[in-house]
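Trainee: Only the shape, not the letters, is given here:
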C-alpha cells in the first residue's frame, strides 16, 4: 500500500503538471522576472594617465574633476558621508567640459561624459543613503563657505514634487517580458522614481514607478548656482543648453523592468484562492489623473495579471502623441472568481473613479474611455457596455430575484452581478483573443480539474449553500452545484455564457476584434491554440484583424501591437479635442512645474511616425533618428 505522504506528493505533482498545461492556454506558467543591477561606477584615474589617453581632445582639463572623484570614492569606501560633497564637486568641475561638448557635438563624450554620469549616479545613491539628498526638497552639501542646499526642479510631470520619494539610477537590466528596451542617448542620467502611496490615493498602488532623467547643472538665471533637475522623458526628448537644443538621455522601459523585478506574480494564487487577493483587486492608474486625457483601461485574462500588458505599455510610453492623448489605467482581479462578479467590481470602480476625479462631470475626455480586454478580460469588458435585462439572471434562476429568501446584502450582491446597464463613460471596446463562444479547454480534464481546485472563501461557500437550500428548485444545475468558477463560465455549453453572448450592447459604443490564428485544436480547425476562431468572431465589430500568433502572445506580437496602435490613433483623431475647454485640455506639463528652458519632444519628429517593423519576433534593432534615438533589442 502506498504511503500517505508519498501519495499526497504524487497528487500534488499531478496537479502541478495539469495546471501547467492549463496555464499554457491563457499565458505561460513561467513567473515573470527581471534582473536589475545598479550602474557600475567608473574607476578613478590619475592625472598622468588622463593626459596620455585624452591628448586628442580639445576640451578643458579634467584633473580637478578626477582628483575630487577619486577622493569621493575613497571616502565612500570608508563610510564617510563627506563623499557626497566631493561627488557634487566633481560634477561642478566637469560641467564646463560637458557644456562645451554639447555645444560642439550635442553629446557628452569620452572621459568627461563617464565622469559626469558616474558622479551623478553616485550622488543619488550616496546622498540618499547619508540622508543628504531628498528628491522632494534638494541636496545638502558642505562647501568652503559652509552648508548649502542645492534645490531641485521638476519638468513635465503629472506627479507633484512631494511624490518623488526614492530615486534609483538605471544600470543594466534584463527581462524576458519586454521585446524592446527603449533607450535614448544624450545628456543626463536615467532614473526610476519610486512613489509611495498616500492614504488619499484611492486608485494608486502601494508603490508606483516612473521614469525621470536627472540633470545636475547651473541654473541659467542664478549666476552659476547649480540645481538638480528632474525631467519627464515621456514629454521631453531635448534640453536647451546655451540656446542649443541637445538630446536628453532617457530610458522609458526601466520602470517596467523595475516593477517586474520587485513584484512577484500572484496570478495562480488569485486563480486558486480568489478570496486571498482582495488587497490587489481593483482599478489602478499608472500615473495621477490628468484632465483632458482619455483613459485606456486594460483588463487581463484568465491566469494572468496586469503585467501581461507590459509590452503594450512600453510601446505606448515611447510614443509622445499617444501619451499626450491617453492615460493608462489597469484592472486587476482574481481570475478564479466568476467573471460576472469581476465585471460588477469593474463597473463600480469605473463609476467611483469618475466620481473621485471628476465629480461634476466636467471632463469630456472621460466619456471617451477605451476598454481593452485580452481573453476572458474581453468578456469582462463586454459586460461594461451591455444591457442585462432579465436575460442573465434567467440563465441561472427561474425565480425573480426580489422573491428570493436571502439577506438583503446578498440580494444586492446578486443584483450588481446579474442586473446592469452600460457604463456611460466607455465609447470603444477592443477584444483581443476573446472567447465569446467559450473554449474547449474548459471541457477537457485539465479544465475540469482546474475548476475543482478553485477554492472560494468558506464564508462565500456557506452563503451559497444556504441560498440554494432556502430557495429549492429556483436555480439552474450550473448554479446549484457550486458557485461557478471562471472556467465553468467558459464552457461552450454554459447557459450563462450563451446568455451573455446574446446581450444587447450600447449602440453608441464601437467594437474591434484582434483574433489569433496559430494552430488547429480538437473541435476547431482554426484557433489560436486556446480559443477557436469561430468563438472569437462577433458580428458587431467595426474592424476585425487576424494575427498569426498564439493565444498568450497575440497582444504582444508586432501585428497585434500595430493594430492596437492604429485603433487608438483613429480613436483620438475622432475625438474632437479642439472642443475641450482650455482648462481641461490635454496638458504636456504641469504649469506650476514647467520652466521655459526646455524644448518639448512634440516639437521634433514624433517617434510614432516611424512604422513598426514587419511581422517577426523578436524585433530587430533599428535606428529611427540618427545619433539620437535607438530602439535597442534586448540581449539574449
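Mentor: Received, thanks. Since the structure is predicted, the reported quantities are computational estimates derived from the model, not experimental observations.

Trainee: and whichever strand or helix holds residue 194, which strands flank it?
Mentor: For residue 194, the host element (DSSP states H and E) is strand 189-196. If you go by DSSP bridges, strand 189-196 pairs up with strand 166-169 (antiparallel), strand 207-218 (antiparallel).

Trainee: and among these, the most buried is which?
Mentor: strand 207-218 (a mean of 22; mean count of other CB atoms under 10 Å). For the C-beta atoms, the positions are set from N, CA and C on the backbone; glycine is no exception.

Trainee: Any stretches of the stretch 301-450 of the chain with poor pLDDT?
Mentor: 441-450 (pLDDT under 70).

Trainee: can you pull out the strands in the stretch 351-500 of the chain?
Mentor: All strands of the stretch 351-500 of the chain, identified by DSSP state E, counting those that start in this stretch, fall at 369-374, 386-387, 426-432.

Trainee: Check the stretch 201-350 of the chain too.
Mentor: 207-218, 226-231, 238-241, 244-247, 250-251, 282-285, 294-299, 326-332.

Trainee: Next, the angle from the first one to strand 226-231.
Mentor: Note on geometry: by axes from the mean of the first three to the mean of the last three CA atoms, to 10 degrees, strand 207-218 and strand 226-231 are set 140 degrees apart in direction.

Trainee: How is this protein divided into domains?
Mentor: 37-48+55-256, 265-398+426-452+485-575 (automatic domain parsing).

Trainee: need the least confident one among these, by mean pLDDT.
Mentor: Among the domains of the chain, domain 265-398+426-452+485-575 carries the lowest mean pLDDT, at a mean of 88.

Trainee: So for residue 590, what pLDDT did the model give?
Mentor: For residue 590, the pLDDT comes out at 37.

Trainee: Over to residue 20?
Mentor: 46.

Trainee: again with the one 3 residues further on
Mentor: As predicted, residue 23 sits at a pLDDT of 44.

Trainee: circling back to that earlier point, from the domains of the chain, which stretch is densest packed?
Mentor: Stretch with highest mean neighbour count among the domains of the chain: domain 265-398+426-452+485-575 (a mean of 21; mean count of other CB under 10 Å).

Trainee: Residue 293 - nearest residue in space that isn't next to it in sequence?
Mentor: Among residues not flanking residue 293 along the chain, residue 327 sits closest, at 4.2 Å (CB to CB, 6 or more residues apart in numbering).

Trainee: Now render the domains of the chain as JSON lines, adding distance to residue 475.
Mentor: Shown next, in JSON lines, are these (distance: least, CB to CB, whole Å):
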{"stretch": "domain 37-48+55-256", "distance to residue 475": "36"}
{"stretch": "domain 265-398+426-452+485-575", "distance to residue 475": "5"}
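
Trainee: Now do the SS call for residue 108.
Mentor: coil (DSSP: H, G, I helix; E, B strand; the rest coil).

Trainee: contacting residues for it?
Mentor: 98, 101, 102, 116, 117, 187 (CB atoms under 8 Å, 6 or more residues apart in numbering).
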